[in-house]
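1. Dropping the sequence and predicted coords here.
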Amino acid sequence: MKQIKLLDTTLRDGEQAAGVSFTYTQKEIIVQALIEIGIDEIEIGIPAMGKEEIRFIGQMIKKYPDFPFILWCRAQENDIKAAEACGAKNIHMALPVSKIHLDAFDLDFNTAIQKLNDLVRLAKKKFDFISIGLMDSFRASLENLLLTLDIAENLNIDRIRLSDTVGSALPREVEGLITMIRKASSLPIEFHGHNDLGLATANALSAIYSRAETIDVTVNGLGERAGNVALAEIVMIGIQSGEYKTNIDSKKLFHLSKTVADFSGQIIPPDKPIVGSRVFCHESGIHCRGLLKNPSSFQAFPAEKVGNPNSGMLFGKHSGSSFLVDYMAKQGMTISRESARNLLREFREFSSLKTKINNES
């Protein structure tokens, strides 16, 4: 199976979600949890944010000296100096390449490329690893992209990041661009996706199938606007499909997700794939009957595989007699199928009445 490297950017892009701000202690806990779960790299923050950010990043680098923390920088000399102040070994520099972004930052492409040349030469004197992010890659002209890639390769950049900055790319576009770049360049490829069209995970899969080596993720898909590629989804798709593998311990996913949700104040929807509180709960009679015979009949994988304790069968309007008979037997009581049907009839009436009262109130 293909080995995929995962870069977690919860503490950078995740914290850029509107209204999210982690405390120093919370960030420290998240870093430890990410390392323990097996994440390959952490984009730990933006040193240009100021002294507190530099202090936190510097402390984490000292605490975990061998872990590959990545520091996010704009393509500006001041950002590089701030990263150096953290004691960093690895930096990422983001460069606008689409006309939309170049205009937004009052740049022309030639000026941006010259800035890239100058800053990379400066950064190479200070850091062991340099990646370049092509901001808004999927809305940039092919000419701009290829020229930037050629320059990056000549400068011996360590990795190139293709960013679907506004989440507007389609899976076939991700596949097409990465396949084309693979033919034009030998640079390792990293994919950074957003979820504005609900396609972040699908686009990340297209990147993987097109031979991108690194995928950027966040816990719970936390990030700007509609968020980023969700860590848990990429991990479990790889496990279930068997088409690629990661270093993540899937049994720790639920706890990590809950921790970040609590710290960020962003509630996880109960039906969120993989980590939702009720994605392993069942009510429907036909589902419960199937699950009693074979747990995999209506579940792709057991809740224990991701450390989710909220699994089982619940009584509700759609419950069936098989589940009630089984439930009563586990309580040490025997009940006939006919009695079970009568009880369920009353329970359904009660359930409907309760729903009506709740709606009216």
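-> Alright, I've got the coordinates. Residues are numbered from 1 along each chain as shown.
2. domain parsing for the chain?
-> Taking automatic domain parsing as the criterion, the chain consists of the domains 2-264, 280-360.
3. So which of these is nearest Pro273?
-> domain 2-264 (5.8 Å; Cβ to Cβ). For the C-beta atoms, the positions are set from N, CA and C on the backbone; glycine is no exception.
4. ends of that closest one, how far apart?
-> 33 Å (Cα to Cα, to the nearest Å).
5. how far out from the middle of the chain is that domain?
-> 11 Å (Cα atoms, centre = their mean, to the nearest Å).
6. Other residues contacting the helix or strand where Ala261 lies?
-> Per DSSP states H and E, Ala261 falls inside helix 253-264. The contact list for helix 253-264 (Cβ atoms under 8 Å, 6 or more residues apart in numbering) reads 10, 14, 17, 20, 22-23, 26, 29-30, 33-34, 37, 219-220, 222, 231-232, 235-236, 267-268, 274-275, 306-309.
7. can you check stretch 142-159 too?
-> 95, 97-98, 109, 113, 116-117, 120-121, 124, 129-132, 134, 137, 160, 177, 180-181, 184-190, 213-214.
8. Just the buried residues of stretch 238-247, please?
-> Using 16 or more other Cβ atoms under 10 Å as the test for burial, stretch 238-247 gives Gly238, Ile239, Tyr244, Thr246.
9. And the helices in the stretch 201-350 of the chain?
-> According to DSSP state H, counting those that start in this stretch, the stretch 201-350 of the chain carries its helices in the segments 231-241, 253-264, 285-293, 321-330, 337-360.
10. Rounded mean pLDDT for the second one, please.
-> So that's helix 253-264. Across helix 253-264, the average pLDDT comes to 97.
11. Could you do the third one as well?
-> Averaging the model's pLDDT scores along helix 285-293 yields 52.
12. Please apply the same query to stretch 168-180.
-> Taken as a whole, stretch 168-180 has a mean pLDDT of 97.
13. Same check on stretch 124-138?
-> 96.
14. Just the endpoints, please. Distance across it?
-> End-to-end span of stretch 124-138 (Cα to Cα): 28 Å.
15. and it, which residues are buried?
-> Neighbour-count burial for stretch 124-138 [16+ other Cβ under 10 Å]: Phe127, Phe129, Ile130, Ser131, Ile132, Gly133, Leu134, Met135, Asp136, Ser137, Phe138.
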